[in-house]
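1. attaching a predicted model along with its sequence, questions to come.
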Amino acid sequence: RMGTVNHSLSKLTEEVDEEAEKYGEDVKHLAEVTNCNKKFEPWVEKNEKKIKCRIELGSTLEELHTKIGELDDWKTQSDGMKKVLDDGNAAAHRMNSHEHADEVYAIFVKRWEVINDAITGWIPKMESVLEMWEKQANVADKVQFAITDPTSGMDVKDLEALFAELRRLM
C-alpha cells in the first residue's frame, strides 16, 4: 500500500512540476507580449491623431523633398511597429492560453492598418505633386533662360509653347 501511495505522490509531483514549468514559460511569454503592447500603444495613439491632421506640402521643392523623406521614415516606423505586434503575437502563441492576446492583437492590427493605409496613400500623392512641381520648375527655368539670354535661339513661338506647357501643369 505504501508503494502505491509513494508512486501516486511521485506522479503528482511530476504533474505539478510540468504545470509549474508551463506556467513559468507562460509568464515569460506574457511579459514579452506586454512589452510589445506597451511599445505599440503610445505609438498608435500618437499616430491616430497625426493622420487626422492635414499634411503640409511646404512651399518649395526642398521642403517637399523633406516631407517625402519624413513620410518614408514614418512608413519605416510603421513597418517596425507591425513587426513589434507580430513578435508579441508570436510570443502569445507560445503560451498555453492566448485567446485574450489574440483579441488584443486583432484590434491592434486593425488600428495599425488604418495608420499604415494613410501613410501609404500619402506617399504616391506627395510624389505626384513633387513630379509636377519639378516639371513646372524645369519649364520655368527654360522660360527664364529664354527671356534673359538673347542668344538662346528661342523665338516668340517657342516661348508661347513653354507658357502653354506651364499653364497645362498648373
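-> Great, that's in hand. Model, not experiment: these values are computed from the prediction. Residues are numbered from 1 along each chain as shown.

2. identify the residues contacting His65.
-> Leu130 (CB atoms under 8 Å, 6 or more residues apart in numbering). Yep, even glycine has a C-beta here, placed from its N, CA and C like the rest.

3. so it is in which element?
-> Here His65, judged by DSSP states H and E, is contained in helix 61-93.

4. next one: the following helix or strand past that helix to chain centre, how far?
-> Counting by DSSP H and E, the next helix or strand C-terminal to helix 61-93 is helix 99-148. Distance of helix 99-148 from its chain centroid, counting by CA atoms, centre = their mean, to the nearest Å, is 12 Å.

5. quick one: mean pLDDT over helix 99-148.
-> Helix 99-148 shows a mean pLDDT of 88 in the predicted model.

6. against which helices or strands is that helix packed?
-> Packing partners of helix 99-148 (3 or more CB pairs under 8 Å, 6 or more residues apart in numbering; DSSP states H and E): helix 2-52, helix 61-93, helix 156-169.

7. which residue, other than its chain neighbours, is closest to the residue sitting nearest the centre point of the chain?
-> Closest to where the C-alpha atoms of the chain average out (CA atoms, centre = their mean) is Ser78, at 1.9 Å. Nearest non-adjacent residue to Ser78, counting by CB to CB, 6 or more residues apart in numbering: Asn116, 4.9 Å away.
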